[in-house]
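**Q** I'll drop the sequence and a predicted model, then ask my questions.
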Amino acid sequence: MARVSFAVAAVAIAAVVAFAGGDSNTIDGPRVARDLLVIAKRGDLDTYRADYTTTRRRGTSLTLRAEVRVWVRAQPALDAELAGGQLTVSTASGAWICTQVSGKPTCLQQSATSALLSGATPYAVALASGRYTVTRDADRRIAGETARCFSVRLRSTAIELQGLGTRLDACFAADGVPLWTRLEHDGVDDVREARQVTRAVPPADLAAVARAYTDGSVPALARR
């Protein structure tokens, strides 16, 4: 998702090389880490629309299920997410949340600075800490595409980083679009799985979103 340089990824790869001797499943850690960070970063350069199903489970109990639509635009950079009638927009100049008030969209700016983060960032931070290991999982078919899958897990003797949980799994399309993610944290599993992905989204698609879900105050989303 956001657009940052490979600097963070490079730091993470160096850290994985330094710490790769800890657990048996990190024998190929540096190479696998590099593959993960490169493909995750590749998605930052894509323009696409994706429909996801998001679930949260605590043990065997399903506590949340939601349908989410995401738009990612490479230039000018924009990430937008629509869930439950609420639109969240992140750009290089800020972040906005748009909701329906009395049947009309109303947008509130949450930040006036860049709200974009690279899709590689959580994995890079986890691996750079030396607290997590990385493995390459078997390929999967998701949303009609072949997905390359990875698992980033907390080391048995390590303390988890805030917000990163004990395990981060992800599967990516060849061009870096995230097709499936799972985050284990605080006794719950948060999963997001793509149902459909559309590349080369025309400007008219985002214009329709702007007309339906914004009040015209989001500069990066033109209403026509």
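**A** That came through fine. Numbers count the residues shown, from 1 in each chain.
**Q** list the buried residues of stretch 91-99.
**A** For stretch 91-99, the buried set under the neighbour-count rule, 16 or more other CB atoms under 10 Å, comprises Thr91, Ser93, Gly94, Ala95, Trp96, Cys98. No exception for glycine: its C-beta is placed from N, CA and C like everyone else's.
**Q** want to throw those residues into JSON lines with distance to Leu179 and pLDDT?
**A** Conversion of the buried residues of stretch 91-99 to JSON lines gives the following (distance: CB to CB, whole Å; pLDDT from 0 to 100):
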{"residue": "Thr91", "distance to Leu179": "24", "pLDDT": "90"}
{"residue": "Ser93", "distance to Leu179": "29", "pLDDT": "87"}
{"residue": "Gly94", "distance to Leu179": "28", "pLDDT": "91"}
{"residue": "Ala95", "distance to Leu179": "25", "pLDDT": "93"}
{"residue": "Trp96", "distance to Leu179": "27", "pLDDT": "94"}
{"residue": "Cys98", "distance to Leu179": "26", "pLDDT": "96"}
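**Q** now the two most distant members of the residues you listed.
**A** Largest separation among those by CB to CB: Ser93 and Cys98, giving 15.8 Å.
**Q** which strand residues bridge Phe150?
**A** Arg136, Ala170 (DSSP bridges).
**Q** for the remainder of this discussion, apply numbering that starts at 382.
**A** In the new numbering, first residue 382, that becomes Phe531.
**Q** could you measure from it over to Arg548?
**A** 11 Å (CB to CB, to the nearest Å).
**Q** over to Asp556?
**A** Counting by CB to CB, the gap between Asp556 and Arg548 amounts to 25 Å.
**Q** those two: which has the busier surroundings?
**A** Neighbours per residue, other CB atoms under 10 Å: of Asp556 and Arg548, the larger number sits with Arg548, 17 against 14.
**Q** my read: that one touches Ser532, true?
**A** Yes. With contact defined as CB atoms under 8 Å, Arg548 and Ser532 form a contacting pair (6.8 Å).
**Q** overlap in contacts of these two?
**A** The contact sets of Arg548 and Ser532 do not overlap (CB atoms under 8 Å, 6 or more residues apart in numbering).
**Q** helices along the chain, start to end?
**A** Read by DSSP state H, the chain holds these helices, from start to end of the chain: 388-400, 410-423, 502-509, 584-594.
**Q** give me whichever of those helices is most buried.
**A** Per-residue neighbour counts averaged over each of those give the maximum for helix 502-509, namely a mean of 24 (mean count of other CB atoms under 10 Å).
**Q** and the residue of the chain positioned farthest from its centre, what pLDDT?
**A** Here the chain reaches farthest from its C-alpha mean at Ser483, the gap being 31.7 Å by CA atoms, centre = their mean. What the model reports for Ser483 is a pLDDT of 87.
**Q** what does Gly403 give?
**A** Reading off the per-residue confidence, Gly403 sits at a pLDDT of 41.
**Q** bridged to the residue nearest to Asp460 when sequence neighbours are not counted, which residues?
**A** With CB to CB, 6 or more residues apart in numbering as the criterion, Asp460 has its nearest non-adjacent residue at 4.5 Å, and that residue is Ser471. With DSSP bridges as the criterion, the beta-bridge partners of Ser471 are Asp460, Ala476.
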